[in-house]
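>>> following is a predicted model, sequence given first.
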Amino acid sequence: MLKYINDLSMTIDLDSTLIRAEVLFYRFQGTVELIDKKNAERAREGKESEVTISEELRGLLKKEYPKE
């Protein structure tokens, strides 16, 4: 999608956009880990999880891409 938009405008700075995307990915990954920790604490206390992360989202977070 970014390539399509860039082809129209030719103004997207690829390096900064990729860096921002990577930062957002790691922030999201950290948020999921925090939710998992809180859910584990709640389970130890005999309470239900407040938030559930879908298996599809977990799969996306686990995918490994070749590093350059």
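Cool, the structure landed. As the structure is a computational prediction, the values presented were derived from the model and not from experiment. Numbering: from 1, shown residues only.

>>> give me the pLDDT for residue 56.
Predicted confidence (pLDDT) for residue 56: 87.

>>> next up, the contacts around it.
Listed by CB atoms under 8 Å, 6 or more residues apart in numbering, the contact set of residue 56 is empty. In this view, the C-beta of every residue, glycine as well, is placed from N, C-alpha and C.

>>> quick one: contacts for residue 8?
Taking CB under 8 Å, 6+ apart, one finds nothing in contact with residue 8.

>>> now residue 32
Counting by CB under 8 Å, 6+ apart, the residues that residue 32 touches are 53, 57, 58, 61.

>>> looking at those residues, which are in helices?
The helices, defined by DSSP state H, take in 57, 58, 61 from the contacts of residue 32.

>>> out of these, who's nearest residue 10?
residue 61 (32.2 Å; CB to CB).

>>> surely that closest one is in contact with residue 29?
Yes. Assessed by CB atoms under 8 Å, residue 61 is found in contact with residue 29 at 5.4 Å.

>>> which stretches of this protein have low pLDDT?
2, 63-68 (pLDDT under 70).

>>> give the buried residues for the lengthiest helix in it.
What stands out as the longest helix in the chain, according to DSSP H, is helix 14-44. Of the residues in helix 14-44, residue 39 count as buried by neighbour count, 16 or more other CB atoms under 10 Å.

>>> so how far is it from its chain's centroid?
5 Å (CA atoms, centre = their mean, to the nearest Å).

>>> can you check stretch 6-13 too?
With CA atoms, centre = their mean, you get 24 Å for stretch 6-13.

>>> straight-line length of that stretch, end to end?
9 Å (CA to CA, to the nearest Å).

>>> one more: stretch 39-57?
16 Å.

>>> gap between it and the chain center?
18 Å.

>>> give me phi/psi at the residue lying farthest from the centre of the chain?
Distance from the centre of the chain peaks at residue 46, with 28.4 Å (CA atoms, centre = their mean). Note on residue 46: backbone dihedrals following degrees, to the nearest 10 are phi 80, psi 20.
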